[in-house]
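> for reference, the sequence and a predicted model appear below.
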Amino acid sequence: MKGKLFYLGLIVMFVLSAVGHFAHWDMTVQFILSAIAVIFVAGFLGKATESVAHYAGDRVGGFLNATFGNAAELIIAFFLIKEGLFETVKASITGSIIGNLLLVLGLSLFSGGLKFKEQSFNARLGEHNSTLMIMAVIALFVPAVFVGAEHFTVKKDQTLSLIVAGILIVSYLLWLVFSMITHKDMLADKEMKPDHEEEPLWSKGKSVLFLVVATVMVAFVSEWLVHTLDTFTHKFGLSELFVGAFVVAIVGNAAEHSAAVLLALKNKIGGAVEIAIGSSLQIALFVAPVLIFVSAFMGNTMDIVFTPIELTALGVSVFIASSVSRDGRTNWYEGFLLLMVYLILGVAFFLV
């Protein structure tokens, strides 16, 4: 019954969002409809990914969930770049990273911790993830300092951004080789065993088909949502920073929210951590750099220089998430602490 209601809601909200966009309804109404539609479509994307993950295995499943869960953010960012809204793009990148590290991971640890006194996962994976997160912050911190201190020309700024973006993409691709091929066994989560009692929602072919359909639906709804952002931001006096870092990021992270929390409640905290931290790493090391190259191909290169506020938010998020996940053991209080840091940042961003 719940499943039927979800799919009915998915179809209704998608159609209403489409009608609102093409019939030129009030921008606020369009924004609300599109935001709700993105959440439903992201949920559908999450279900399709989870079904595919049943056939692909836990580690690959977590990677697929993070990848297709990030499809919403990537597509939203693509249309933002097309509109020339670079500051909103960078704010949404910041919001996606801190949203995954603090909100998604925090909710997962908190929910799982209330049901199980302590949960554990592969500590080596936690250590490697922490190192990669620190590397991502360094890669974003260095351009901001050098461009600001040395007053680089626009050409030098863009050159540095493209080079750093290329290095990050190579680092991420080699991390996939390291974690899934050469050191796969060392980083495997012994706590996560396949759940043979659970049947996948759909067959393998249908799962892949629905994954493609969900991604296409995300693309349409994301474009409709972006179309409303400028008007919505000005109407309610919100900064691009807050809208990008929290509104767009929370909507785009809907797929990760549901999948990670459900895994934590099944005592599969390793899968939840893989989704939350893996998604943040993918945004920082792959999605953001790819967007730099996409903007360059469009003829107007977006730089990789983030504001001091964004770098501070990223730095504190990585610091506490690294502290919590490094030892491979979690509890509800650690999840609560992550959520409190997210709340502090949310209030600060809102007041900007």
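Perfect, thanks for sending it.

> count of residues packed around T233?
Around T233 there are 19 other residues, counting by other C-beta atoms under 10 Å. In short, each C-beta sits where N, CA and C put it, glycine included.

> now find how far off-centre stretch 11-28 is within its chain.
Here the centre of stretch 11-28 is set off from its chain's centre by 25 Å, with C-alpha atoms, centre = their mean, to the nearest Å.

> now that stretch: buried residues?
M13, F14, L16, S17, A18, G20, H21, M27 (16 or more other C-beta atoms under 10 Å).

> between those, which is closest to N267?
Ranked by distance to N267 (C-beta to C-beta), the buried residues of stretch 11-28 are led by M13 at 32.5 Å.

> pretty sure that closest one contacts I36?
Yes: applying C-beta atoms under 8 Å, one finds M13 in contact with I36, separated by 5.3 Å.

> off-centre distance for stretch 152-166?
Per C-alpha atoms, centre = their mean, the centroid offset for stretch 152-166 relative to its chain is 25 Å.

> could you pull out the helices for the stretch 251-352 of the chain?
254-265, 269-282, 288-297, 308-325, 332-351 (DSSP state H, counting those that start in this stretch).

> from the contact counts, what lies against the last one?
In this structure, helix 332-351 packs against helix 105-115, helix 240-242, helix 308-325, with contacts taken as 3 or more C-beta pairs under 8 Å, 6 or more residues apart in numbering; DSSP states H and E.

> please identify the deepest-packed of these.
Using mean count of other C-beta atoms under 10 Å, the stretch among the helices and strands packed on helix 332-351 with the largest mean neighbour count is helix 105-115, at a mean of 23.

> can I get that helix in CSV? Just the C-alpha atoms.
The C-alpha coordinates for helix 105-115 follow below in CSV (Å, rounded to 0.1, in the frame of the first residue of the first chain):
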residue,chain,number,x,y,z
LEU,A,105,25.9,10.7,8.2
GLY,A,106,24.6,12.3,11.4
LEU,A,107,21.0,11.0,10.8
SER,A,108,22.4,7.5,10.0
LEU,A,109,24.6,7.3,13.1
PHE,A,110,21.8,8.7,15.3
SER,A,111,19.1,6.4,13.9
GLY,A,112,21.2,3.3,13.9
GLY,A,113,22.6,4.2,17.4
LEU,A,114,19.2,4.4,18.9
LYS,A,115,18.5,0.8,17.8
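
> next structured bit after it?
strand 119-120 (DSSP states H and E).

> could I get the average pLDDT for that following strand?
For strand 119-120, mean pLDDT rounds to 89.

> could you do stretch 267-284 as well?
85.

> how far does it sit from the chain's center?
That offset, for stretch 267-284, works out to 10 Å (C-alpha atoms, centre = their mean).
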